[in-house]
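> the sequence and its predicted three-dimensional model are supplied below.
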Amino acid sequence: MAGAGEDSRALFGAGVRAALEAWPALQIAVENGFGGVHSQEKAAWLGGAVEEYFFRNADLELDEVEDFLGELMTNEFDTVVEDGSLPQQLQTMFHHFQRGDGAALKEMASHITQRKFKVRATAVTTARVTDEDDADSVEEMEVTAMNDGAATDGVCLQPESSGPDSQTIKEEDIVEDGWTIVRRKK
């Protein structure tokens, strides 16, 4: 019977690694080197750390898993994550592991691998005006998830296309001395 437990544990570990590899937040952090030169190694270590966390804490609540993942991402990749989908997947996998349901673990890992998205992040700089009329530059990330070359809805919001009503800066609005004329919508 020890063999079945070890097989189930290996399936759980494979499921955790598949879920982490498919997690857009981790993909972006690794791809952009948020964890430094050792981002790939940190991502591989993360799988083992998450797996061990579940084994040491059998009765985890969803918010505890989310906090643990958030803390790891903040400490290792200097990234704040507000995505709650991964903790639910991991907790479901762990419940299957506890019941010894290897077939369900295999199915979840297979499903996660098939749904894996390729993500691309681009930095977008925006200006935020404070009460003193100073403009602070704020860098935000725009994330696009791709599945088989097509953008996927529901993963992230895309900026709306600029229509004739939208406020854009035109060349004639930039005055000689570098100032920009801001016009109200009509």
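Great, that's in hand.
> could you give the number of residues near residue 86?
22 (other CB atoms under 10 Å). To be clear about C-beta, it is placed using only N, CA and C from the backbone, and glycine gets the same treatment.
> and residue 70, by the same measure?
Neighbours around residue 70, by other CB under 10 Å: 18.
> just checking, it is part of a strand?
No. Assigned with DSSP: H, G, I helix; E, B strand; the rest coil, residue 70 falls outside any strand and is helix.
> show me what contacts it?
Counting by CB atoms under 8 Å, 6 or more residues apart in numbering, residue 70 touches 80-81.
> now do residue 72
Per CB under 8 Å, 6+ apart, neighbours of residue 72: 46, 49-50.
> same question for residue 13.
47-48, 51.
> give me that answer again for 6 Å
By CB atoms under 6 Å, 6 or more residues apart in numbering, the residues touching residue 13 are residue 51.
> same question for the one 3 residues further on.
Contacts of residue 16 were listed using CB under 6 Å, 6+ apart, and they are 47, 50-51.
> tell me the one of those residues nearest residue 9?
residue 51 (8.4 Å; CB to CB).
> burial of that closest one, as a residue count?
22.
> just the strands in the protein please.
118-129, 135-147, 150-151 (DSSP state E).
> where among those is the average confidence lowest?
The weakest mean pLDDT among the strands of the chain belongs to strand 150-151, with a mean of 43.
> what are the buried residues along stretch 38-54?
Neighbour-count burial for stretch 38-54, counted by 16 or more other CB atoms under 10 Å, picks out 39, 42-43, 46-47, 50-51, 53-54.
> what does that stretch contact?
Under CB under 6 Å, 6+ apart, the answer for stretch 38-54 is 13, 16-17, 20, 30, 33, 35, 68, 76, 94.
> how does it look with 7 Å?
Applying CB atoms under 7 Å, 6 or more residues apart in numbering, the contact partners of stretch 38-54 are 12-13, 16-17, 20, 26, 29-30, 33, 35, 60, 68, 72, 76-77, 90, 94.
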